[in-house]
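In: Below: sequence and its predicted model.
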Amino acid sequence: MRFRPLVALCLFIGPGMASAADLVVSAASSLTDAFQSVGKAYEAKHPGTHVVLNFAASDVLLRQIASGAPADVFASADQAAMDKAVEAKAIDVSTRQDFATNRLVLIVPKDATVRVTSPADLKNAAVKRVAYGDPASVPVGRYTKAALEQQGLWDAVSAKGVLAQNVRQSLDYVARGEVEAGFVFATDAAIAKDKVTVAATVPTPKPISYPIAVVAASKQVAEAKSFEAFVQSAEGRGILARFGFEAP
């Protein structure tokens, strides 16, 4: 079976693609729907600001920022990507804050014919393909690998692995029935509940937390800090909660 690439969630924002008046927010793919709503709410309170949202896997976003792509705010789906941003001097460390948490879930297609109720079931011969983010560059992949290693299942599951470029691609593979199961965040499963079923919530060795920070090269530091503050405000957290995110 051929795996069709997921249509990009956003276009790479290169030089000249964002105007000086734009506030560019580079955010993890799992934040797509929530941050679209957050961006609109922020613009409503700040009529002179246009929020440009750039979604991709957290490590990909960091590489873009480190390569000079315009960005004012970076929101990651795990601490590892933000730690790399610190090492690369890509963010203002003093602005780093955790703003949301999530859960890892195992999902199957809505019309699944193979019974999967726990990660252990993925060892069954009937399960041929399991989708998850590439641990080398995608936070959900790192969480998945750590969780399966904790359960002694990583070798068996990774042998059937279909690596996704971001969490939404993993979701898409399952929703289209191209794999028997996959790992995504609970918030991603919720937006596709008509196409996928949550088979199990998977414990992770470390909590799934989302950090946010102002990009070191931002030309709009005050606006970037204002956006970060809005994300953590009662209104911002209320929006995140509607999409299933929990407070840190």
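Out: Structure's in. What do you need?
In: could you measure Arg237 against Ala229, distance?
Out: 11 Å (C-beta to C-beta, to the nearest Å). Glycine gets a C-beta too; all of them are placed from N, C-alpha and C.
In: out of the two, which sits in the busier spot?
Out: Taking other C-beta atoms under 10 Å, Arg237 and Ala229 do not tie; Arg237 has more neighbours (19 against 12).
In: quick one, what contacts Val108?
Out: Residues in contact with Val108 (C-beta atoms under 8 Å, 6 or more residues apart in numbering) are 114, 116, 174, 180-182, 196-197, 199.
In: Tell me how far the lengthiest helix in the chain lies from the chain's centre.
Out: Longest helix in the chain, counting residues (DSSP state H): helix 32-45. Offset of helix 32-45 from its chain centre (C-alpha atoms, centre = their mean, to the nearest Å): 16 Å.
In: List of residues touching that helix?
Out: Contact partners of helix 32-45, identified using C-beta under 8 Å, 6+ apart, comprise 9, 25, 27, 49-51, 53, 55, 75, 168, 187, 191, 227, 230-231, 235-236, 239-240, 242-243, 245.
In: Buried only: go through those residues for me.
Out: Neighbour-count burial (16 or more other C-beta atoms under 10 Å) applied to the contacts of helix 32-45 gives 9, 25, 27, 49, 51, 53, 55, 75, 168, 187, 191, 227, 230-231, 236, 239-240, 243, 245.
In: What about these, which are in strands?
Out: Mapping the buried ones among the contacts of helix 32-45 onto strands (DSSP state E) picks out 25, 27, 51, 53, 55, 75.
In: could these go into JSON lines alongside pLDDT and distance to Gln151?
Out: Listed next are those as JSON lines, based on pLDDT from 0 to 100; distance: C-beta to C-beta, whole Å:
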{"residue": "Val25", "pLDDT": "98", "distance to Gln151": "35"}
{"residue": "Ala27", "pLDDT": "98", "distance to Gln151": "30"}
{"residue": "Val51", "pLDDT": "97", "distance to Gln151": "40"}
{"residue": "Leu53", "pLDDT": "98", "distance to Gln151": "35"}
{"residue": "Phe55", "pLDDT": "97", "distance to Gln151": "30"}
{"residue": "Ala75", "pLDDT": "98", "distance to Gln151": "29"}
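In: By neighbour count, which of the contacts of Val108 wins?
Out: Among these, Gly182 has the most neighbours (other C-beta under 10 Å), with 33 neighbours.
In: separation between that residue and Trp154?
Out: For Gly182, the distance to Trp154 (C-beta to C-beta) stands at 15 Å.
In: mind checking the SS state of the closest residue to Pro109 other than its chain neighbours?
Out: Leaving out its chain neighbours, the residue that sits closest to Pro109 by C-beta to C-beta, 6 or more residues apart in numbering is Gly177, at 4.5 Å. Under DSSP: H, G, I helix; E, B strand; the rest coil, the three-state class of Gly177 is coil.
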